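Undergrad: Need the 3D shape of this:
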Amino acid sequence: MEVNQALTLGFACFTETAMLHHVFTTFLERNDVKAKYYWLALLLYAFCVLFTAGNSFSIYFVSLFCYSLIVLFSLIFFRNQMEVKLIVSFMFVALNYAFTVLAATFLWQMRGNPISEYPLNLEPAFWSQAILYLLFTVSVFVIDKLRNYEKDKNLLFDGIYVFCVPLFMLLIILKLFYVAMQVQSREYMLENFLIISGLLLLLGLSLYFLADRTRSISETMEQKQTIEQLLSMQDVYYKELESQQKEIRSISHDMKSHLRYLNTILAQGQTERAQEYVKTIYQDVESAHSVVHCGNSVIDAILSNKLQGAEDFGIRLEFDLIIPPQLSVRDIDILILLGNLLDNAMEACKRLEIEDGEKFIYVNARVQKGFLCIQVNNSYNGLLNLVENSYATVKTEKHFCGIGLSNIKRIVNKYHGKLNITHTETVFSVLALLALDE
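TA: Numbering: from 1, shown residues only. This is a model prediction of the structure:
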């Protein structure tokens, strides 16, 4: 073996191994396997690169062999989900071959070599390997930066990616179609047209699974945010309940002193002074924190949270609740249903002007004949937006907080229930029925 060839193979082993280490440590998380075994595995990979580069194997064998080895490497030494490890492994192979072809083609064009001297098996050369390593390192850096950017601009990034990447892939595949037509060879055209059809099919399937996974992730994030909202409500509820109990204990402790003082001033005939003192005590009792007690902690937390918000806007919020402590309906679904019914009711009350009448919300909830029945009546200004016999928002801010009527319907359908919406000129009423497990 010539010295130059040995140096080229050594350089190829080093750069390929360095690239593998770089991409895996950037996008994957190491598990608890000892570091010495990790470095031994990298050394083994370097020898495998040396073995494949030093022999004239076909590109199909090399790609399959390297991909299998890289997948095994990711499975042993990293803790991420299986699909993440497989995707990162394929990303390494794809980027590697993309820049290998680009570097080889660039040098072949720059040197003006004939077609017969193009490295069909992509045998490593020093300068092509150096260009490959540079381009690969830069691309990993850019992808990592885009990943961080995506966290802040998720919708924008996803929109650009989902539109542009499939479009460019489609244009490239169609270009291959026209190239294949230029070659007057029946066998060549048949082979390439079948490959193009397969690529388009795989592109369509990949986009479908990408869209399906995006939907699943979106639903999971929505559920996570809803659970966090419920936990926050329950935390506030228990703190308010504890505060109320402390205030009640304080009032009870002071009641003897109040009664003794009242008895004294009444004995002295100071009736007016006694009345004023009673008013003061009554105001202290009324100022105690208001929390709802129906026996179900989730509904108590939701209603107590909404009660405080209603008081801030002068909305009278009343309840008629007969609910058992445990329900077969999931807590998160109760939050989505009841929380958004109350959000919509409060939004309608906020739009009321003084001359429109009193702002009120009445909540009736009970278990009856195997159903959880939740009815919310609220005052409103009589303005409705009916689109094809469906109620659309009349909110000035379309993205008002809350999941909305569509998800309320989804929860009702999930529990094989019924949603009934009625209204008069001044009162809007929503009745939701959810079937309970017997």
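Undergrad: How about Leu102, nearest residue that isn't a chain neighbour?
TA: Leu135 (6.9 Å; C-beta to C-beta, 6 or more residues apart in numbering). C-beta: built from backbone N, CA, C; applies to glycine.
Undergrad: longest helix anywhere in this structure?
TA: The longest helix of the chain (DSSP state H) is helix 186-267.
Undergrad: Could you name the helices and strands sitting against it?
TA: Helices and strands touching helix 186-267, by 3 or more C-beta pairs under 8 Å, 6 or more residues apart in numbering; DSSP states H and E, are helix 154-182, helix 271-286, helix 297-312, helix 331-350.
Undergrad: for it, the distance to its chain's centre please.
TA: Offset of helix 186-267 from its chain centre (C-alpha atoms, centre = their mean, to the nearest Å): 11 Å.
Undergrad: what angle separates that helix from helix 331-350?
TA: 70 degrees (axes from the mean of the first three to the mean of the last three C-alpha atoms, to 10 degrees).
Undergrad: Leaving out sequence neighbours, find the closest residue to Phe57.
TA: Using C-beta to C-beta, 6+ apart, the nearest residue to Phe57 is Asn121, at 7.2 Å.
Undergrad: And the average pLDDT for stretch 424-435 is what?
TA: For stretch 424-435, mean pLDDT is 92.
Undergrad: So for Leu95, what's the pLDDT?
TA: Note on Leu95: pLDDT of 90.
Undergrad: Quick check: buried residues in stretch 422-438?
TA: For stretch 422-438, burial by neighbour count (16 or more other C-beta atoms under 10 Å) applies to 428-436.
Undergrad: which residues touch it?
TA: Stretch 422-438 is contacted from outside by 327-329, 337, 341, 344-345, 348, 356-357, 367, 370-380, 382, 384, 408, 411-412, 415-421, using C-beta atoms under 8 Å, 6 or more residues apart in numbering.
Undergrad: quick revisit: what about the residue nearest to Leu102, distance to Leu122?
TA: Leu135 is 14 Å from Leu122, where distance means C-beta to C-beta, to the nearest Å.
Undergrad: now swap in Lys175 and tell me
TA: In terms of C-beta to C-beta, Lys175 sits 21 Å off from Leu122.
Undergrad: residues in contact with stretch 364-377?
TA: Counting by C-beta under 8 Å, 6+ apart, 294, 299, 319-324, 327, 329, 337-338, 341-342, 345, 361-363, 415, 417, 427-436, 438 sit against stretch 364-377.
Undergrad: element containing the residue nearest to Leu102?
TA: helix 126-152 (DSSP states H and E).
Undergrad: which ones are touching the closest residue to Ala211 other than its chain neighbours?
TA: Leaving aside its sequence neighbours, Ala211 sits nearest to Val162 (C-beta to C-beta, 6+ apart; 7.9 Å). For Val162, the contacting residues are 207, 210-211, by C-beta under 8 Å, 6+ apart.
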